[in-house]
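A.B. asks: Dropping the sequence and predicted coords here.
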Amino acid sequence: MRRIAIVTSGGDAPGMNTALNAAYQMGRDLGIELVGVRRGYEGLSEGDFVPFDPLELRESMNRGGTILGTARYEAFITEEIQQQAIRHLADGDMEGLIVIGGNGSQRGSLTIHTHGFPVVGIASTVDNDLYGSDVSIGVDTALNTIIDSLDRIGTTADSHHRAFLVEVMGRDYGYLALMSGIASGAEVIVTPEFEMEPEEVARELRLAHDQGKRYAIAVVTDGAKNGVEKIADYIEKHPQEFDFELRMTILGHVQRGGSPTVFDRYLATRLGSAAVQALRDGKRGVLAGWRDSGVAYVPLREVVSGRKDLNVSLWRLALMLSK
Ligand code: F6P
């Protein structure tokens, strides 16, 4: 194998640049040229290839985001666009493709694999919802950012004796809410897996007040059916049931920014280099993910059809801690 294209796709995640650098360096060591694809699958379908500048890679390897740019590109579900991308790969003399991204991106990888082009994915999404990998690039950094934010919110909430509804990312998977809720000692954790009605959230926050707590925090997943707005709306309409003054914070994209943590740098380095080795060794249609503290290659078919469940015993632990 002499030439491999590499693309970052979907939501960016801190550590993507670290993975690009590691893949490039592994390629150099093995005598394989790594070529970047700009703007995710959109760029791939237009053949938007770019040679890497090793100095730029070195300088950006510890910065968040992705120097290649990324995109959510719905049109990639069409057969015509997929074939177009494969034609560009062939015209560019690429013999393999590495896709750094989450669920949607690895669905794209599987289609390319199905069309017979050699692909290896790399697990990367702050949501940690990618089946087949215990953890993905960006999760640890996002969690640390959330914890830092919750601690900061805690000091102002404490000073004003307020309750806060804090929306965190995660979409359909409540991992970030659950882990940050446990780590910060939140009074309430709302996830799509364990939904709560707005009145239940209000009741739990009021209970915290009755217990003499000076403030209370509810961490709410952005994809929950009863999100922060619905809960706030309920509390506003039932002020007699609520003793705290209420504020709401949407953490938003701050969770996807910032420099990758030590763990994310390590994970991205291991997965970036492993993906190149995998293609060199003839592995096809697999995800380079992380299982039991090491790199694991999981068939993309399994990754795409599997679904991660939130750990019920962790959820019970969180409930116990919040009381
Ligand atoms: O999938 C990553 C994620 O950050 C989700 O947690 C969030 O719901 C979504 O992307 C936000 O998407 P966008 O950046 O397109 O607004």
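C.D. replies: Sure, I can see it.
A.B. asks: what about Asp91, distance to the ligand?
C.D. replies: Shown here: Asp91 relative to the ligand, a distance of 30 Å by Cβ to the nearest ligand atom, to the nearest Å. For every residue, glycine as well, the C-beta is placed using N, CA and C.
A.B. asks: isn't that residue right up against Gly47?
C.D. replies: Yes: checked against Cβ atoms under 8 Å, the pair Asp91 and Gly47 is within contact range at 6.7 Å.
A.B. asks: Would you mind telling me which of these two has more residues around it?
C.D. replies: Taking Asp91 and Gly47 together and counting by other Cβ atoms under 10 Å, Gly47 has the greater number of neighbours (16 against 10).
A.B. asks: does the nearest residue to the more buried one once chain neighbours are set aside sit in a helix, a strand or a coil?
C.D. replies: Closest residue to Gly47 apart from its sequence neighbours, by Cβ to Cβ, 6 or more residues apart in numbering: His88 at 3.3 Å. Assigned with DSSP: H, G, I helix; E, B strand; the rest coil, His88 falls in the helix class.
A.B. asks: ok, His88 - how many residues close by?
C.D. replies: The criterion is other Cβ under 10 Å. On that basis, His88 has 19 neighbouring residues.
A.B. asks: how close does the residue of the chain most remote from its centre sit to Ala216?
C.D. replies: Here the chain reaches farthest from its C-alpha mean at Gln240, the gap being 39.2 Å by Cα atoms, centre = their mean. In this view, Gln240 and Ala216 are 18 Å apart by Cβ to Cβ, to the nearest Å.
A.B. asks: try Arg28
C.D. replies: Arg28 sits at a distance of 53 Å from Ala216 (criterion: Cβ to Cβ).
A.B. asks: In terms of pLDDT, where does the residue in the chain that the ligand sits nearest to sit?
C.D. replies: When distances are taken as Cβ to the nearest ligand atom, the chain approaches the ligand most closely through Met169, which lies 3.1 Å from it. Confidence per residue is given as pLDDT, and for Met169 that number is 98.
A.B. asks: Based on its surroundings, how many neighbours for the residue nearest to it when sequence neighbours are not counted?
C.D. replies: Sequence neighbours aside, Gln255 is the residue nearest to Met169 in space, at 5.0 Å (criterion: Cβ to Cβ, 6+ apart). Using other Cβ under 10 Å, the number of residues around Gln255 comes to 25.
A.B. asks: same check, this time on Glu200
C.D. replies: Count around Glu200 with other Cβ under 10 Å applied: 15.
A.B. asks: Excluding chain neighbours, what is closest to Ile146?
C.D. replies: Ile146 sits nearest to Ser180 (Cβ to Cβ, 6+ apart), 4.2 Å away.
A.B. asks: three-state assignment of the one you found?
C.D. replies: Secondary structure state of Ser180, per three-state DSSP, is helix.
A.B. asks: for Ala232, same thing?
C.D. replies: Under three-state DSSP, Ala232 falls in the helix class.
A.B. asks: OK, contacts around it?
C.D. replies: Under the criterion of Cβ atoms under 8 Å, 6 or more residues apart in numbering, the contact partners of Ala232 comprise 165, 246, 248.
A.B. asks: Quick check: the gap between it and Val168.
C.D. replies: 15 Å.
A.B. asks: is the ligand contacted by stretch 174-182?
C.D. replies: No: judged by Cβ under 6 Å from any ligand atom, stretch 174-182 makes no contact with the ligand; its nearest approach is 7.5 Å.
A.B. asks: Please list the residues of the stretch 101-250 of the chain that sit near the ligand.
C.D. replies: For the stretch 101-250 of the chain, the residues found near the ligand under the criterion Cβ under 6 Å from any ligand atom are 102, 125-127, 169-171, 222.
A.B. asks: repeat that with 8 Å
C.D. replies: When proximity is defined by Cβ under 8 Å from any ligand atom, the stretch 101-250 of the chain lies next to the ligand at 102-103, 125-127, 129, 169-171, 176, 222-223.
A.B. asks: For PyMOL, write the select line for the buried members of those.
C.D. replies: Listed next is the PyMOL selection for buried residues among these, using 16 or more other Cβ atoms under 10 Å:
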select buried, resi 102+103+125+126+127+129+169+170+171+176+222+223
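A.B. asks: For Ser305, state which of the residues of the stretch 101-250 of the chain next to the ligand is nearest.
C.D. replies: Nearest to Ser305 out of those is Asn103 (Cβ to Cβ; 11.1 Å).
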